[in-house]
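> Any chance you can model this:
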Amino acid sequence: MELELLELKYRNRSTHYDDENDSDSMLEAIVSRIHDIVRMILEGSRLNELDEVNKLMLM
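Modelled structure (predicted):
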C-alpha cells in the first residue's frame, strides 16, 4: 500500500515540478523510499509497511 501511495506522490510531484537539474529534495526522498521498499520486497523482508514497523517497535 505504501508503494502505491509513494508512486502517486511521485507522479503528482513530478508533473508539477519541472526543473532541468532534478534537484527537488522531496522527489529524491520519494524515490529513495521506493527503492528501499522494492529492495525489502526482493530480499523477502516482511517489514515493508509502516504499521508493522510501528507495532514491532512498540513491543
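> Show me what the helix or strand where residue 26 lies packs onto, helices and strands only.
Secondary structure here is read from DSSP states H and E; on that basis residue 26 sits in helix 25-43. Counting contacts by 3 or more CB pairs under 8 Å, 6 or more residues apart in numbering; DSSP states H and E, helix 25-43 is packed against helix 2-16. C-beta here means a position set from N, CA and C on the backbone, and glycine is covered the same way.
> mind checking how far residue 7 is from residue 24?
For residue 7, the distance to residue 24 (CB to CB, to the nearest Å) stands at 16 Å.
> neighbour count winner among the two?
Counting neighbours by other CB atoms under 10 Å for residue 7 and for residue 24 shows that residue 24 has the greater number, 16 against 12.
> Double-check the more buried one against residue 17; I have them as touching.
Yes. In terms of CB atoms under 8 Å, residue 24 counts as a neighbour of residue 17; the distance is 5.2 Å.
> still on that earlier bit, could you dump the helix holding residue 26 to CSV, C-alpha only?
In CSV, the C-alpha atoms belonging to helix 25-43 read as follows (Å, rounded to 0.1, in the frame of the first residue of the first chain):
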residue,chain,number,x,y,z
SER,A,25,14.6,17.1,-2.4
MET,A,26,11.1,15.8,-2.0
LEU,A,27,11.3,13.8,-5.2
GLU,A,28,14.6,12.4,-4.2
ALA,A,29,13.2,11.3,-0.8
ILE,A,30,10.2,9.6,-2.5
VAL,A,31,12.5,7.8,-5.0
SER,A,32,14.8,6.7,-2.2
ARG,A,33,11.9,5.3,-0.2
ILE,A,34,10.5,3.5,-3.3
HIS,A,35,13.9,1.9,-3.8
ASP,A,36,14.1,0.9,-0.1
ILE,A,37,10.7,-0.8,-0.3
VAL,A,38,11.5,-2.6,-3.6
ARG,A,39,14.8,-3.8,-2.1
MET,A,40,12.9,-5.1,1.0
ILE,A,41,10.4,-6.9,-1.1
LEU,A,42,13.1,-8.5,-3.2
GLU,A,43,15.0,-9.6,-0.1
